[in-house]
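[1] Need a 3D model of the following:
(one chain, ligands or ions: 1)
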Amino acid sequence: MEATILGEPLPYEDRIRGVGSFKYVDVEEYFNLHRKTLEDFEGFWASIARELEWFKPFERVVEPGDHPYVYKWFSGGLINISYLALDRNVRGGRKNKVAYIWEGEPVDEGGVPREVRKLTYYDLYREVNRVAYMLRNSFGLRKGDRVAIYLPMIPELPIFMLVAARLGVIFTVVFAGFTAENLAVRINDLGATLLITADGFYRRGRIIRLKDVADRALETTPTVKSVIVVRRLGLKDVNMVEGRDYWFDELMKGVPSNVYVEPEPMESNETLYVLYTSGTTGRPKGIMHDHGGYAVLLHATMKWVFDIRDDDVYYCTADIGWVTGHSYIVFGPLIEGATIVMYEGAPDYPAPDRVWSIVERYGVTILYTTPILVRMLMRFGDGWVKRHDRSTLRLIHSVGEPINPAAWRWLYEVVGERRCPVGSTWWMTETGGILISHAPGLALAPLKPGTNGPPLPGVDADVVDEEGEPIEPGRKGFLVIKRPWPGMPAAPTGMWGDPGRYRQVYWEKIPGKGLFFTGDWAIKDADGYIWVLGRADEVLKVAGHRIGTYELESILVSHKAVAEAAVVGAPDPVKGEVPVAFVTLREGFTRTKELEEELKQWVRDKYGSIAVPTHVFFVSKLPKTRSGKIMRRLLIAILTNKPLGDITTLEDEAAVEEARKAYEELSRELKEVTYR
Ligand code: 6R9
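    Alright, predicted model coming up:
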């Protein structure tokens, strides 16, 4: 197994020992340190937690909550994450330090960005206080109220998140690339009374009219009483509903510049936000995060994984609409008082060197990016990178999906010129922050291209079989977390309004062992490093975005022509995985190229362009087991042109003969033209 990962040979004979000036330790030394943190588990996490500022100290480190498998971290402690992000820095000597360097997408002819906004910690602090004052006085928002934030990558997005946190108002951020349907589902599940959005934004040189999309969602969201609209583009023809919709700048006109809004003292476990993520059913899951445990994990990982220091310029290429942006563009780096680069637009606009020009322009020292972006930019050649000074870079990490060795090598050799450790940080929406990663800020164990590295201190991760028993190194199994961790789905219910589903999805897949089931396949190698291979459930990672196949199937069958649908992920050299659909048609509909295009458009309208299937194959029937389960492995085998014999993990219920017959029939059918 050590020789290949994802079908590619490892490019290095050996592990890479010691990169840059980071403290190097060998594997054994790292795991000694790791073992000690587990032996004194509570003491260890308590000592990290005490590095933060609590309004009132916590009484317990971790204890069971009111529902099975919900744990409470740092109970009794009073804290507020917006206080940690702002007040603590303003008072602690970082008042005039730049918090955000924001760059808008549009550029002048010479490629120079037209808009750059720099916000110091004091600027951000004052703005957050002013907006909090306005929301409290004009909209009566109080602790426990719920708001939805549907904003593009503009400074107002972190500002509103911090405002909500300050007031103890529970927020959900909805990715600005999502459709009206996706927005409405989230607003309704949370019962949000206020929506914050913008007139629009720039994306790859085009204008996206966001308020128009929000308006369509608002037709089916009865709980929303008011809408605040940020003027990003200055569009003249925005539909504003009297008594419901308000321009943000007009609301702010009368607010004095020096108001102060006391941060709500939050019990450590009280909810900060709910972020919706895809699972294996049609309904997205509202994962809850708290103030205390979440802040502790972010603080720890910013130090260990990113080695964050006061003179760093930190740039994360993700979108705040996903968990990576919540944790590592907003709360994590702000708690540490870092200078954060935030970019509005597409990474290849106006040319494939936008990311590298940003690195050069601001002297970025830490880059946090994704394999999809790397693979996309790699294709344009090294010249685009090399024309920009990258000598400030000292550390590079990746997230979102496994990093293939070619992409790893490109980051290490070309981008970082062998000066920067390159890591692949494993975590998920549910974990709140990074759990498995190299930790250059603590001790850098040897690097291996493609691996996630060892579990972080205080994190008990392992690879097990379906009974929950550990398996030998080098064999594929399920990645589980064996003890609770700060930042885990938070009390009281883990999943918003649905503690039962939380229990089922994460804790009962492997019954009775108290293991958190991540849904990922992984291998633990002889060194104890974890290699996450991909999802073991019916969830796709398309360009790093998590999409449930079931969500797409539900959308397809809601089209009048479709009787049944099956969506699977097909390997893609750039996006990692792309959705491909197999559908059977209803009586009276015929297989045409036009219908295929119509179905793709249907998915685009209902879910967003990230989820559009690359192909829609029309078939006369879907291969299913006797119990009616779609044989996805078989569909994937057909797509990848692999004989059925190669399929080692065909669903258990599928009789081999039955599967073989279905495979042959379907391959034959697809070889002939699907359109007649
Ligand atoms: C942060 C984020 C979570 C899923 C996770 C896994 C995959 C994330 C990874 C990785 C291999 C890495 N994943 N990081 N796989 N190596 N470094 O991506 O959260 O959107 O919830 O997705 O992403 O499959 O289960 P989220």
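[2] Near the ligand, which residues of the stretch 301-450 of the chain are found?
    Within the stretch 301-450 of the chain, the positions near the ligand by CB under 6 Å from any ligand atom are 322-324, 399-402, 424-429. (Glycine included, C-beta is placed from N, CA and C.)
[3] switch to 5 Å and redo it
    Neighbours of the ligand within the stretch 301-450 of the chain, by CB under 5 Å from any ligand atom: 399-402, 424, 426-429.
[4] got a list of contacts for stretch 241-250?
    Applying CB atoms under 8 Å, 6 or more residues apart in numbering, the contact partners of stretch 241-250 are 156, 196, 225-231, 239-240.
[5] swap the cut-off to 7 Å and go again
    Stretch 241-250 has contacts (CB atoms under 7 Å, 6 or more residues apart in numbering) with 226-231.
[6] can you check stretch 563-582 too?
    371-372, 375-376, 401, 540-543, 547, 549, 552-553, 556-557, 583-586, 611, 613-617, 619, 622, 630, 632, 635-636, 639-640.
[7] Which of those fall in helices?
    Mapping the contacts of stretch 563-582 onto helices (DSSP state H) picks out 371-372, 375-376, 549, 552-553, 556-557, 632, 635-636, 639.
[8] and the residue of the stretch 551-676 of the chain found nearest the ligand, backbone torsions?
    Nearest to the ligand in the stretch 551-676 of the chain, going by CB to the nearest ligand atom, is Gly576, at a distance of 9.5 Å. When read as degrees, to the nearest 10, the backbone of Gly576 gives phi 90, psi -60.
[9] for Leu141, same thing?
    Dihedral pair for Leu141: phi -70, psi 140, per degrees, to the nearest 10.
[10] okay, and the helix or strand of the protein with the least pLDDT?
    Least confident helix or strand, the chain: strand 4-5 with a mean of 44, by mean pLDDT, DSSP states H and E.
[11] between the ones in helices among the contacts of stretch 563-582, which is nearest Arg475?
    Nearest to Arg475, judged by CB to CB, of these is Ile636 at 21.2 Å.
[12] contacting residues for the residue of the stretch 51-200 of the chain found nearest the ligand?
    Nearest residue of the stretch 51-200 of the chain to the ligand: Phe175, at 10.7 Å (CB to the nearest ligand atom). Neighbour list for Phe175: 319, 321-322 [criterion: CB under 7 Å, 6+ apart].
[13] need those residues in CSV with pLDDT, neighbour count and secondary structure, can you?
    Compiled in CSV, the contacts of Phe175 are given as follows (pLDDT from 0 to 100; neighbours: other CB atoms under 10 Å; DSSP: H, G, I helix; E, B strand; the rest coil):
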residue, pLDDT, neighbour count, secondary structure
Asp319, 97, 19, coil
Gly321, 97, 22, coil
Trp322, 97, 21, coil
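[14] Please look at Glu264 and Asn80 and confirm they touch.
    Yes - here Glu264 reaches Asn80: they are 6.0 Å apart, a contact under CB atoms under 7 Å.
[15] Please say which of these two ends up with more neighbours.
    Just comparing Glu264 and Asn80: by other CB atoms under 10 Å the higher neighbour count belongs to Asn80, 26 against 20.
[16] now the more buried one: how far from Glu336?
    According to CB to CB, to the nearest Å, Asn80 stands 16 Å off from Glu336.
[17] Over to Ala566?
    45 Å.
[18] continuing past the helix or strand hosting Leu124, what's the next helix or strand?
    Leu124 belongs to helix 121-139 when assigned by DSSP states H and E. Beyond helix 121-139 on the C-terminal side, the first helix or strand identified by DSSP H and E is strand 146-150.
[19] Which neighbours in the sheet does that following strand have, and how are they oriented?
    Paired strands of strand 146-150, with direction, are strand 170-173 (parallel), strand 194-198 (parallel) (DSSP bridges).
[20] show me where the stretch 451-600 of the chain has strands.
    Counting by DSSP state E, counting those that start in this stretch, the stretch 451-600 of the chain has strands at residues 461-464, 476-481, 516-524, 530-535, 539-542, 545-548, 562-572, 576-585.
[21] how close does the nearest residue to Leu639 once chain neighbours are set aside sit to Arg379?
    Nearest residue to Leu639 in three dimensions, chain neighbours excluded: Ala570, at 4.8 Å (CB to CB, 6 or more residues apart in numbering). To Arg379, Ala570 is 19 Å away according to CB to CB.
[22] and those two? which has more neighbours close in?
    More neighbours surround Ala570 than the other of Ala570 and Arg379, with 18 against 9 (other CB under 10 Å).
[23] and this structure, which residues reach the ligand?
    Residues of the chain lying near the ligand (CB under 5 Å from any ligand atom): 399-402, 424, 426-429, 520, 532, 535, 546.
[24] Centre of the chain to stretch 370-379, how far?
    Centre-to-centre, stretch 370-379 and its host chain are 17 Å apart (CA atoms, centre = their mean, to the nearest Å).
[25] how about it: buried residues?
    By 16 or more other CB atoms under 10 Å, the buried positions in stretch 370-379 come out as 370-378.
[26] contacting residues around that stretch?
    With contacts defined as CB under 7 Å, 6+ apart, stretch 370-379 is touched by 317-318, 347-348, 352, 355, 398-401, 403-404, 407, 410-411, 543-544, 573-576.
[27] Could you list the low-pLDDT ranges of this structure?
    Where the chain drops to pLDDT under 70, the residues are 1-14, 644-660, 672-676.
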